[in-house]
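> just a sequence and a predicted model for now, questions to come.
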Amino acid sequence: MHVDSDFFATCFPPIHDGRAAIMNGFCAGANFREYLHELDDEELSREERNYVFLCETSLGGPWKIDLFKTNLIKEEFERRGKLAVFEVAEKLILNSLKRSC
């Protein structure tokens, strides 16, 4: 898994040293990954649509946490062997946003 070190610096500033921030970041990623494992395909698809929407509608550019979570959702679809479901939901959101502009 690719981990963006800037994500950890932004979301988990160091408490006493950099190690505390990194450990908190890994725990947050692990907790979200565990949450995704528990979802059925429809719930996972709904989560994906939410995060893709957030990434695409952020005025100053997508928040790193939204990108991070979107990537974890994509990894979960890959783990399940259903990457096509991720791509369909992503296209649905992107197409709907293009029509509304």
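Now that the structure is in, tell me what you want to look at. Residues are numbered from 1 along each chain as shown.
> now stretch 58-76 - C-alpha only, PDB.
The C-alpha coordinates for stretch 58-76 follow below in PDB (Å, rounded to 0.1, in the frame of the first residue of the first chain):
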ATOM      1  CA  SER A  58     -13.600  20.300  -2.800                       C
ATOM      2  CA  LEU A  59     -13.100  23.900  -3.900                       C
ATOM      3  CA  GLY A  60      -9.400  24.100  -3.000                       C
ATOM      4  CA  GLY A  61      -8.600  20.600  -4.200                       C
ATOM      5  CA  PRO A  62      -9.400  17.300  -2.500                       C
ATOM      6  CA  TRP A  63      -8.600  16.800   1.100                       C
ATOM      7  CA  LYS A  64      -5.800  14.300   1.600                       C
ATOM      8  CA  ILE A  65      -8.000  12.300   4.000                       C
ATOM      9  CA  ASP A  66     -10.700  11.900   1.300                       C
ATOM     10  CA  LEU A  67      -8.100  10.700  -1.200                       C
ATOM     11  CA  PHE A  68      -6.600   8.300   1.300                       C
ATOM     12  CA  LYS A  69      -9.900   6.800   2.100                       C
ATOM     13  CA  THR A  70     -10.900   6.600  -1.500                       C
ATOM     14  CA  ASN A  71      -7.700   4.600  -2.200                       C
ATOM     15  CA  LEU A  72      -8.400   2.300   0.700                       C
ATOM     16  CA  ILE A  73     -11.900   1.700  -0.700                       C
ATOM     17  CA  LYS A  74     -10.400   0.900  -4.100                       C
ATOM     18  CA  GLU A  75      -8.000  -1.500  -2.500                       C
ATOM     19  CA  GLU A  76     -11.000  -3.300  -0.800                       C
END
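> and it, average pLDDT?
For stretch 58-76, the mean pLDDT works out to 83.
> begin at 67 from now on, thanks
Renumbered: residue one is now 67, and that last one reads stretch 124-142.
> residues of that stretch that come out buried?
By neighbour count on 16 or more other CB atoms under 10 Å, the buried set for stretch 124-142 is 128-129, 132-142. Just so you know, the C-beta spots here come from the backbone N, C-alpha and C atoms, and that holds for glycine as well.
> tally of neighbours for the nearest residue to Glu142 once chain neighbours are set aside?
Spatial nearest neighbour of Glu142, chain neighbours left out: Leu102 (4.4 Å); criterion: CB to CB, 6 or more residues apart in numbering. Leu102 has 20 neighbours, counted by other CB atoms under 10 Å.
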